[in-house]
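S.K.: sequence first, predicted coordinates after that:
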Amino acid sequence: MWEISDYLFADSPPEAVSLMRQGPGKGIYLAGGTDLLLNPPECDFVVDISRAGISNIARTPGGDVFLGAGVTLQDLATNELVTSFAGGELSRVASQCGNRPVRNLATIGGNLCNARSSADTAPILLALDATCFITDQDSQESLPLDDFFVGPQQTILENRLLVGLALSAEVSDRRCASSKLICRADNMALAHVAVGVDCREGRINAARIALGAVAPIPLRATLAESTLDGFDINSEDKETLSEMICDVAELAAGEVDPIDEHRASSEYRRDLVRVLTRRLLEKVLAEIAAESALNDGGQS
């Protein structure tokens, strides 16, 4: 039974943090509220942030795309700034989160702040080097999403508020892909992989492999990523490229720490990381190679 003593409304992020600290007792921030029935919180009061002015999607003067924490998953799935960013992979991921009524309520901030390892938007946002903006009563700080998750269902926030995320203009053309295998009984991912690759003249100058549902927190496979740095996809034959991709996928599988439970064994989840990583890298690198060949052909 969910019983609370106070339901408070905040008209701004600083006011939300102030209300949270005033109490009484333990409070939670509330935006879409789609998790309340499935996971009723143990709390004494609620701070409703639905009208705190953090539900906007905008392009900054520097060309970055800012996503307010109160933006719904349906907005992510349909907004033109998001659908045109990095091939629209974030929009595609958002469009597959639950059904339409859920997406109309669920927010990107809630999806991340619940800090579940299976959070749907976390892997692709990690692959896009998203930056978090966190507000206190009288200050604001930014940090990479890599540093946001600190433990199972724990974030760096404490009682501060996530106000939004920024996607840098520098990665707006990053080639991305993601895939997950879900358990139909609860629609939660057994394993989720997202990859992102920046390539210049056939040489990889940035690679991201982000993983969900296979460790206590969403994370990047940094060792696997580093193996891709500087690799020239045009100078190697297909067999060498295939071997490299398999090696990277093996490294990614070695960086996870999956649970062993009734839905899937730890070894099965590790195998999924290996297979999904390989498939996604093959897809992304093939697309980059095809685009490069097309450009070269057009210039000849």
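M.R.: Everything's here; your move. Numbers count the residues shown, from 1 in each chain.
S.K.: where do the helices sit along the stretch 51-200 of the chain?
M.R.: Applying DSSP state H, counting those that start in this stretch to the stretch 51-200 of the chain gives helices spanning 73-78, 80-83, 89-95, 100-105, 108-113, 122-127.
S.K.: can you give me the buried ones in the second one?
M.R.: Neighbour-count burial for helix 80-83 flags 81-83 (criterion: 16 or more other CB atoms under 10 Å). For every residue, glycine as well, the C-beta is placed using N, CA and C.
S.K.: likewise the fifth one?
M.R.: When burial is assessed from 16+ other CB under 10 Å, helix 108-113 yields the following buried residues: 108-113.
S.K.: nearest to D120 among those residues?
M.R.: Relative to D120, the closest of those is N111; by CB to CB it sits at 6.2 Å.
S.K.: ok, how many other residues are close to L143?
M.R.: The criterion is other CB atoms under 10 Å. On that basis, L143 has 12 neighbouring residues.
S.K.: tell me what the spatially closest residue to it that is not a sequence neighbour is bridged to.
M.R.: Spatial nearest neighbour of L143, excluding adjacent residues (CB to CB, 6 or more residues apart in numbering): C132 at 5.6 Å. Counting by DSSP bridges, C132 forms beta bridges with L143, L165.
S.K.: who's in contact with the nearest residue in space to L219 that is not next to it in sequence?
M.R.: Excluding the flanking residues, the one nearest L219 by CB to CB, 6+ apart is L211, at 5.8 Å. By CB atoms under 8 Å, 6 or more residues apart in numbering, L211 lies in contact with 123, 191-193, 218-221, 252, 255-256, 273.
S.K.: same thing but at 7 Å, please
M.R.: Neighbouring residues of L211 by CB atoms under 7 Å, 6 or more residues apart in numbering: 123, 192-193, 218-219, 221, 256, 273.
S.K.: same deal with I54?
M.R.: Residues in contact with I54 (CB under 7 Å, 6+ apart) are 13, 68-70, 163-164.
S.K.: 6 Å instead, please
M.R.: Neighbouring residues of I54 by CB atoms under 6 Å, 6 or more residues apart in numbering: 68-70, 163.
S.K.: can you check V65 too?
M.R.: V65 is in contact with 59, 81, 85, 167, counting by CB under 6 Å, 6+ apart.
S.K.: likewise T155?
M.R.: Shown in contact with T155 (CB under 6 Å, 6+ apart): 113, 115, 148.
S.K.: with that, I have no additional questions.
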